[in-house]
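In: Okay, here's the prediction I keep looking at, along with the sequence it came from:
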Amino acid sequence: MQTVSQVVRGRYNTCALADGQAYCWGLNDYGQLGTGNNNNSIIPVAVSTSGVLSGKFIIQMSGNYWHNCALASGQVYCWGSNVHGQLGNSNNTNSSSPVAVTTSGVLSGKFVTQVAVGAEHSCALANGQAFCWGYNPEGQLGNNST
């Protein structure tokens, strides 16, 4: 039996963290279940660990609307809708499998300790600073711009 340590919700999907592995269920139009496909599921299915999450132990998750993110080994991994760059991997292509948030630029050499996801943006706490990416029409990214 697995021990669930966290549950996060998206708009039409839910994810749970159990023993270092992520499981999601619900609507999967944008790949927000992280299974490598766009099939909906009414039962929990494992988020794919065949790619960037291979061998990683997830310690925290966050989800909202159509994307989810997980924290493992000081790095953030996200999946789902990416229309506004909320997956943080330097493009705007949706991903049905987890992708690593780009660690070049401002996150270079930083160890992430927390991840938080908004409707179409994401943030990470690293080295005592907040770093955000994605949609910013209301100043969600906290960078003094919209």
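Out: Structure received.

In: Please count neighbours and contacts with C-alpha atoms only from this point.
Out: OK.

In: ranges for the strands of the chain?
Out: Using DSSP state E, the strands of the chain run over 4-9, 13-18, 21-26, 41-46, 58-64, 67-72, 75-80, 95-100, 112-117, 121-126, 129-134.

In: average pLDDT across the second one?
Out: Over the span of strand 13-18, the pLDDT mean works out to 98.

In: And the last one, by the same measure?
Out: Strand 129-134 shows a mean pLDDT of 93 in the predicted model.

In: on that earlier part again, turn the strands of the chain into JSON lines, columns for distance to Thr146.
Out: Shown next, in JSON lines, are those (distance: least, CA to CA, whole Å):
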{"stretch": "strand 4-9", "distance to Thr146": "26"}
{"stretch": "strand 13-18", "distance to Thr146": "28"}
{"stretch": "strand 21-26", "distance to Thr146": "32"}
{"stretch": "strand 41-46", "distance to Thr146": "36"}
{"stretch": "strand 58-64", "distance to Thr146": "20"}
{"stretch": "strand 67-72", "distance to Thr146": "21"}
{"stretch": "strand 75-80", "distance to Thr146": "23"}
{"stretch": "strand 95-100", "distance to Thr146": "25"}
{"stretch": "strand 112-117", "distance to Thr146": "18"}
{"stretch": "strand 121-126", "distance to Thr146": "13"}
{"stretch": "strand 129-134", "distance to Thr146": "11"}
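
In: okay if I get the ones you listed as CSV plus mean neighbour count and distance to Asn89?
Out: Output for those, formatted as CSV (neighbours: other CA atoms under 10 Å; distance: least, CA to CA, whole Å):
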stretch, mean neighbour count, distance to Asn89
strand 4-9, 16, 22
strand 13-18, 22, 21
strand 21-26, 24, 20
strand 41-46, 14, 22
strand 58-64, 23, 17
strand 67-72, 28, 12
strand 75-80, 27, 9
strand 95-100, 23, 6
strand 112-117, 21, 15
strand 121-126, 22, 11
strand 129-134, 18, 10
